[in-house]
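Peer 1: return atomic coordinates for the entry below.
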Amino acid sequence: MEIALCGLGRAGKTTLWSILTGREVPPGAKPETRRGVARVPDPRLDRLTALFEPKKHTPATVTYVDVLALERGTGRTDNPVLAELRPADALMLVLRAFDDPADPHPEGSIDPARDLELMETEFLLADLAVAQRRIERLDALIPKTNRPEDRAERELMHKVVASLESEQPLREAEFTADERKALRGFAFLTAKPLLVAVNLGEDDTTKIGAPPAELGLGALEGRSQVDVVALSARIEEEIAALSPEDAEAFRRELGIAEPALDRLIRASYRLLGLISFFTVGKDECRAWTIREGTDARTAAGTIHTDLERGFIRAEVIEWDRLLEAGSLAAARERGWLRLEGRDYVVRDGDVLHVRHAS
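Peer 2: Reported below is the predicted structural model:
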């Protein structure tokens with residue numbers, strides 16, 4: 001999973017990227033695109049690791065990409081920063097909600113709702129340019145080839161343009177499953193799930209966990225494939241420098257229930273429809289990320305392609321029942337370890353052991 005952090009300058013985007021990935025960016029460092037990996041916190045995997053005491057503990061990971069700051073007018077140009085956003089599975093739009101006279105906002109004042117509208121407009125314009133260019137190419141191509149698939153694509157592009165011109169992001173437009181599949185190759189920005197990270201001031205921690213309306217973003221309430229997480233990057237940066245015990249005490253003092261990393265990753269999984277399953281043993285306990293609704297054979301291919309090709313059956317047990325049993329052998333004796341076929345839909349928290357032909 002790859003998530004691209006984007007937003008206006010001085011929003012705290014790079015500070016947040018540093019917190020998520022654990023990679024420090026020195027003050028005054030050259031502005032550039034940065035990639036980093038965050039380990040997904042999962043107490044279920046921690047407890048399974050404590051039970052099996054394996055040689056390796058391997059959590060799932062998320063790749064975060066910190067692109068250069070955007071600005072008003074970005075969507076009207078072939079800005080290379082937009083191209084760096086397109087490969088991402090989702091966008092994390094960082095909105096500034098903190099005031100700092102020593103670090104003025106590029107738009108002159110603090111207004112997250114205005115910044116959200118500005119960024120969404122730039123994404124709409126960028127997508128509109130892509131769709132219109134594609135229509136121009138198809139208009140030139142169809143008289144020569146007269147292929148039905150080209151005419152169908154042109155019709156779909158006109159549908160895209162109509163949605164964008166009405167200021168409707170493509171993630172919220174009505175498309176069939178086949179149409180959405182056809183649109184994937186264009187990597188439209190407004191078709192991507194959007195996670196809005198509201199970067200609060202240090203004195204506004206009471207707003208962490210508040211609904212969008214209380215953050216001045218009521219327009220986001222109920223929107224499809226959009227989620228909002230409020231945090232204070234500066235406070236999270238301070239917490240990251242503490243020992244685990246001191247960090248927990250500091251969070252309790254401020255009334256912060258859990259780290260921003262946990263909340264952002266959980267929101268990302270929810271937006272993208274992702275779940276985790278586990279493999280366990282003395283060599284390794286590992287979390288694997290798949291899309292909700294994935295069958296057992298396809299899930300086996302996430303572990304190794306040979307397991308998918310030679311799939312026979314999967315032994316399956318819920319992670320908490322395995323903990324209750326105390327071992328796979330004990331779970332098998334109690335009849336808690338089920339044999340499932342290739343069409344079994346893997347559920348969040350399942351522990352899988354794949355039987356396969358060599």
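
Peer 1: ok, and the closest non-adjacent residue to L200?
Peer 2: Spatially, and ignoring its direct neighbours in sequence, L200 is nearest to S232 (4.6 Å; Cβ to Cβ, 6 or more residues apart in numbering). Heads up, the C-betas are built off the backbone N, CA and C, glycines and all.

Peer 1: how about the one you found, phi and psi?
Peer 2: phi -120, psi 110 (degrees, to the nearest 10).

Peer 1: next one, pLDDT for it please.
Peer 2: The model reports S232 with a pLDDT of 96.

Peer 1: gap between it and I208?
Peer 2: Counting by Cβ to Cβ, to the nearest Å, the gap between S232 and I208 amounts to 7 Å.

Peer 1: neighbour count: these two, which is higher?
Peer 2: S232 (25 against 21; other Cβ atoms under 10 Å).

Peer 1: give me the common contacts of S232 and I208.
Peer 2: Common neighbours of S232 and I208, counting by Cβ atoms under 8 Å, 6 or more residues apart in numbering, are L200.

Peer 1: quick one, what contacts I317?
Peer 2: Counting by Cβ under 8 Å, 6+ apart, I317 touches A325, L328, A331, W336, L337, R338, D350, V351.

Peer 1: with G7 instead?
Peer 2: K13, A69, L70, L93, V94, L95, R96, D115, M119.

Peer 1: burial count for L339?
Peer 2: L339 has 11 nearby residues by other Cβ under 10 Å.

Peer 1: in the longest helix along the chain, what's buried?
Peer 2: The longest helix of the chain (DSSP state H) is helix 112-145. Buried residues in helix 112-145, defined by neighbour count with 16 or more other Cβ atoms under 10 Å: 112, 115-116, 118-120, 122-131, 134-135, 138.

Peer 1: now that helix: mean pLDDT?
Peer 2: Helix 112-145 comes out with an average pLDDT of 96.

Peer 1: repeat for stretch 240-248
Peer 2: 92.

Peer 1: which other helices and strands does the longest helix of the chain contact?
Peer 2: Packing contacts for helix 112-145, counted by 3 or more Cβ pairs under 8 Å, 6 or more residues apart in numbering; DSSP states H and E, involve strand 90-97, helix 148-165.

Peer 1: pretty sure V67 is touching L85, no?
Peer 2: Yes. With contact defined as Cβ atoms under 8 Å, V67 reaches L85; the gap is 6.2 Å.

Peer 1: find the residues that touch each one of these two.
Peer 2: A4, C6.

Peer 1: more crowded one of these two?
Peer 2: V67 (25 against 20).

Peer 1: got the contact list for the more buried one?
Peer 2: Here V67 is in contact with A4, L5, C6, T33, V81, E84, L85 (Cβ under 8 Å, 6+ apart).

Peer 1: can you list which of those are found in strands?
Peer 2: Of these, the ones assigned to strands by DSSP state E are A4, L5, C6.

Peer 1: in stretch 209-217, what counts as buried?
Peer 2: Judged by neighbour count using 16+ other Cβ under 10 Å, the buried positions of stretch 209-217 are P212, L215, G216, L217.

Peer 1: centre of the chain to that stretch, how far?
Peer 2: Counting by Cα atoms, centre = their mean, to the nearest Å, stretch 209-217 is centred 20 Å from the centre of its parent chain.

Peer 1: can I get that stretch in CSV? Just the C-alpha atoms.
Peer 2: Extracted C-alpha coordinates of stretch 209-217, given in CSV (Å, rounded to 0.1, in the frame of the first residue of the first chain):
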residue,chain,number,x,y,z
GLY,A,209,-11.3,12.7,17.5
ALA,A,210,-13.8,15.4,16.8
PRO,A,211,-16.2,15.0,13.8
PRO,A,212,-15.3,17.0,10.6
ALA,A,213,-18.0,19.6,11.4
GLU,A,214,-16.2,20.6,14.6
LEU,A,215,-13.0,21.0,12.6
GLY,A,216,-14.7,23.4,10.2
LEU,A,217,-15.0,20.6,7.5
